[in-house]
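>>> just the structure for this:
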Amino acid sequence: MHYSVNNTQLHVLEAGSGPLTLVLLHYFGGSALEWQSVMAQLAGQYRCVAVDLRGHGDSSSPKTGYSVADMADDIQALIRAMAIQNFVLIGHSMSGKVALELASRQPAGLQLLLLVSPSPPVPEPISDADRQEMLETHGQQTAAEETLAKITVKPLSESAKAQIIADNLRTSETAWNAWLTLGSKETISARMHSINVPVHIIVGMDDKALSPDVQPEMTLPYLNDATLERVDGAGHLLPWETPDELTTFIRKRVAAMVPIPLH
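As a prediction, this is how the structure comes out:
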């Protein structure tokens with residue numbers, strides 16, 4: 001289904017129902033489809049809403065609006081458009097930074113922030129050489145295949161590998177370039193003290209896209225109430241690689257949360 005927000009058509013996958021909604025956001029060059037296995041396990045308990053960010057998946061790709069704040073604006077507007085009240089925000093990689101920005105605004109109904117290998121609230125440590133190579137090779141099948149090999153560790157089905165490559169290739173050039181040249185370099189750390197819900201982070205110990213060391217060094221120092229968990233033998237794409245472990249993490253953290261009244 002598509003929702004019109006901020007002059008953009010955002011594509012959304014929905015499953016399940018319940019008083020609590022899980023809002024699921026994907027990694028750079030990915031799509032909402034990475035959350036299918038997790039949603040299938042959680043839809044019996046919760047309303048699950050997975051979103052294609054602008055320029056990704058089946059969402060539209062406007063010429064502007066790709067800052068971290070712009071993407072947070074989209075999700076905030078979508079939450080209103082979908083009449084979501086009590087919700088948990090779950091951000092992966094690039095969208096982890098978007099989720100941090102949105103959480104810092106203390107949106108009504110936000111109960112918990114769960115981050116999967118998130119981009120930190122300071123400039124993401126991507127080397128200039130890697131950044132330039134990604135800018136120059138986007139849209140090339142071989143480059144997308146090499147990225148898949150780099151960012152995953154666990155064996156994946158052929159259909160999963162094909163979808164990860166397809167998502168990479170269908171990411172718009174505008175969105176791709178904007179994240180590499182602008183969004184990933186943004187600093188939003190000064191606003192992190194405003195986050196008023198617990199934050200729980202999970203990472204793959206063999207993540208070669210965003211080293212596990214990034215979180216204790218570049219994310220946790222800016223957060224008031226946060227924990228970090230690690231998954232052995234996993235890479236950057238936990239929703240694809242270890243959906244069962246990720247589902248267990250989500251269930252555990254949601255079950256332990258103390259509800260915050262709507263305001």
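
>>> can you give me the helices in this protein?
36-42, 68-81, 94-104, 128-137, 141-151, 158-170, 173-181, 214, 238-241, 243-256 (DSSP state H).

>>> name the helices or strands packed onto the fourth one?
Here helix 128-137 touches helix 173-181, going by 3 or more CB pairs under 8 Å, 6 or more residues apart in numbering; DSSP states H and E. Backbone N, C-alpha and C define where each C-beta goes, glycine included.

>>> switch the cut-off to 10 Å
Under the contact definition 3 or more CB pairs under 10 Å, 6 or more residues apart in numbering; DSSP states H and E, helix 128-137 sits against helix 141-151, helix 173-181.

>>> pipe the ones you listed into a markdown table and attach mean neighbour count and mean pLDDT per row.
Listed next are the helices and strands packed on helix 128-137 as a markdown table, based on neighbours: other CB atoms under 10 Å; pLDDT from 0 to 100:
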| stretch | mean neighbour count | mean pLDDT |
| --- | --- | --- |
| helix 141-151 | 15 | 97 |
| helix 173-181 | 19 | 98 |
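
>>> name the nearest residue to Ser60, sequence neighbours excluded.
Gln9 (4.2 Å; CB to CB, 6 or more residues apart in numbering).

>>> from Tyr27, how far off is that neighbour?
Gln9 sits 21 Å away from Tyr27, going by CB to CB, to the nearest Å.

>>> between those two, who's got more neighbours?
Neighbour count, other CB atoms under 10 Å: between Gln9 and Tyr27, Tyr27 has more, with 29 against 15.

>>> so where's this protein uncertain?
Scanning the chain with the threshold set as pLDDT under 70 gives 261-263.

>>> 80 instead, please
258-263 (pLDDT under 80).

>>> show me what contacts Leu10?
Each residue near Leu10 by CB atoms under 10 Å, 6 or more residues apart in numbering is listed here: 1-4, 32, 51-54, 56-60, 74-75, 77-78, 81.

>>> which among those residues end up buried?
Buried by 16 or more other CB atoms under 10 Å: 3, 32, 51-54, 56-59, 74-75, 77-78, out of these.

>>> show me those that map onto strands.
3, 51 (DSSP state E).

>>> what is the nearest of the buried ones among the contacts of Leu10 to Ile188?
Nearest to Ile188 out of those is Ile75 (CB to CB; 14.6 Å).

>>> if we ignore the residues flanking it in sequence, what's nearest that closest one?
Leu102 (5.7 Å).

>>> also Leu78?
In space, Leu78 is closest to Val5, 5.2 Å off (CB to CB, 6+ apart).

>>> and for Leu110?
Nearest non-adjacent residue to Leu110, counting by CB to CB, 6+ apart: Val197, 5.7 Å away.

>>> great, nothing more from me.
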